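> Here is my input, please return the structure:
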Amino acid sequence: MDDKPLDDAAPDAPPPAAAPGGAASSTSHPPHPPLSPEFRRRAAWAAAGVFVLALVFGGWGLWRVIAPASGDLKGQLASSEASVQRLREQNDALAQRVATLSRSDQISRDANRDVQRTLAERDEEIAGLRADVAFYERLVGATAQRRGLSVHGIRFQPQGDTAWHFTTTLTQNLNRGSVSSGGLQLQIEGTRAGKREVLAWSMLRQDPSAAGLPYSFKYFQQVEGDVFLPEGFEPVRVQVQLRPRNGAAVEQSFTWADSTRDSPLNGADADAPPKAGG
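Got it, this is the predicted structure:
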């Protein structure tokens, strides 16, 4: 047998065990060599490129999310503006309708007021005609009471501080067809400064030579005139004096209160005479 050297160990022999303490054996792999600057620069550019791509992709995704919402807002705004315009048009139309209805209502009210006034005037005319008929029947009717010259009534209306306008109605039906004529004067009794005072016709007319107001009629006549009362004078009673051309004088008295409020001369009574004389 040939002798082999000891160095020529079998290839299948296990490697020598690691040295105690964890030290690497002389047969372990050597460490990686350090990276070169060029490689590091390329790696940095690659990372930057990836980051930029990520930003671009993220921005594109955000735009895809926001852009439709922005379009929806514009559409909603346009729809809202259209709704506001429609509401304004409807409001204008309603306002015009309200104005038309208000005008129509005002016209109806005016027309109704005119109708009511016309009806009131017609009622007043009818009442006046009825009063005239009643007056004529009492004066000249077949059953009318025969009376001579008399004063049917008198009414005073204020014309200023001291001036008064009076209207008196004279009647007679005793002598039918005959004319009664003469003059009319007034006399007013009252107080001034706590004392009784009587104002004659000349004082009431403020004319010392004032003549009586003339009258001439067959059945009735209204005689009108003006009188003036002194300041501080408080009238109490009015006396109407008739001085016919033929026959005795006639005197009739009326209270001032009855002469200055609504009386038969106003057409408020069946005895109210018509305006015209006869």
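> CA only for contacts and neighbour counts going forward, please
OK.
> need the helix or strand of the chain with the lowest average pLDDT.
helix 37-140 (a mean of 80; mean pLDDT, DSSP states H and E).
> Restricting to C-alpha, output the helix or strand following that helix in PDB.
Heading C-terminal from helix 37-140, the first helix or strand you meet, by DSSP states H and E, is strand 150-158. Taking Å, rounded to 0.1, in the frame of the first residue of the first chain, the C-alpha atoms of strand 150-158 are listed here in PDB:
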ATOM      1  CA  SER A 150    -151.500 130.500  10.000                       C
ATOM      2  CA  VAL A 151    -147.800 129.700  10.400                       C
ATOM      3  CA  HIS A 152    -147.200 126.000   9.800                       C
ATOM      4  CA  GLY A 153    -143.600 126.100  11.100                       C
ATOM      5  CA  ILE A 154    -140.200 127.900  11.100                       C
ATOM      6  CA  ARG A 155    -136.600 126.700  11.000                       C
ATOM      7  CA  PHE A 156    -133.300 128.500  11.600                       C
ATOM      8  CA  GLN A 157    -130.000 127.500  10.200                       C
ATOM      9  CA  PRO A 158    -126.700 129.200  11.300                       C
END
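> For strand 150-158, what is the distance to the chain centroid?
In terms of CA atoms, centre = their mean, to the nearest Å, the centre of strand 150-158 is set 44 Å apart from its chain centre.
> partner strands of it, parallel or antiparallel?
strand 163-171 (antiparallel) (DSSP bridges).
> Give the pairing partners of the helix or strand just after the strand it pairs with; include direction for each.
As assigned by DSSP H and E, the chain's next helix or strand after strand 163-171 is strand 180-192. Here strand 180-192 has these sheet partners by DSSP bridges: strand 195-199 (antiparallel), strand 213-217 (antiparallel), strand 233-244 (antiparallel).
> in the second one, what's buried?
Read that as strand 213-217. 215-217 (16 or more other CA atoms under 10 Å).
> For the residues you listed, point out the one with the lowest pLDDT.
Among those, F217 carries the weakest pLDDT, at 90.
> For it, give the beta-bridge partners.
S180.
> Could you verify my assumption that it touches V179?
Yes: proximity of F217 to V179 meets the contact threshold set by CA atoms under 8 Å, at 5.3 Å.
> separation between G75 and L87?
18 Å (CA to CA, to the nearest Å).
> whoops, Q106 was the one
28 Å.
> still on that earlier bit, tell me which of the strands paired with strand 180-192 is the most buried.
strand 233-244 (a mean of 19; mean count of other CA atoms under 10 Å).
> Only C-alpha atoms, please: export that strand in PDB.
Extracted in PDB, the C-alpha atoms of strand 233-244 (Å, rounded to 0.1, in the frame of the first residue of the first chain):
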ATOM      1  CA  PHE A 233    -127.600 137.100  23.300                       C
ATOM      2  CA  GLU A 234    -129.200 133.700  24.100                       C
ATOM      3  CA  PRO A 235    -132.500 133.200  22.200                       C
ATOM      4  CA  VAL A 236    -135.400 131.400  23.900                       C
ATOM      5  CA  ARG A 237    -138.500 132.100  21.900                       C
ATOM      6  CA  VAL A 238    -139.400 133.200  18.300                       C
ATOM      7  CA  GLN A 239    -142.600 135.000  17.500                       C
ATOM      8  CA  VAL A 240    -143.800 135.200  13.900                       C
ATOM      9  CA  GLN A 241    -146.000 138.200  13.100                       C
ATOM     10  CA  LEU A 242    -148.200 138.200   9.900                       C
ATOM     11  CA  ARG A 243    -149.800 141.500   8.800                       C
ATOM     12  CA  PRO A 244    -152.200 140.700   6.000                       C
END
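> quick one: strands adjacent to the next helix-or-strand element following that strand?
Downstream of strand 233-244, the next assigned helix or strand under DSSP H and E is strand 250-255. Sheet pairing for strand 250-255, assigned by DSSP bridges, gives strand 233-244 (antiparallel).
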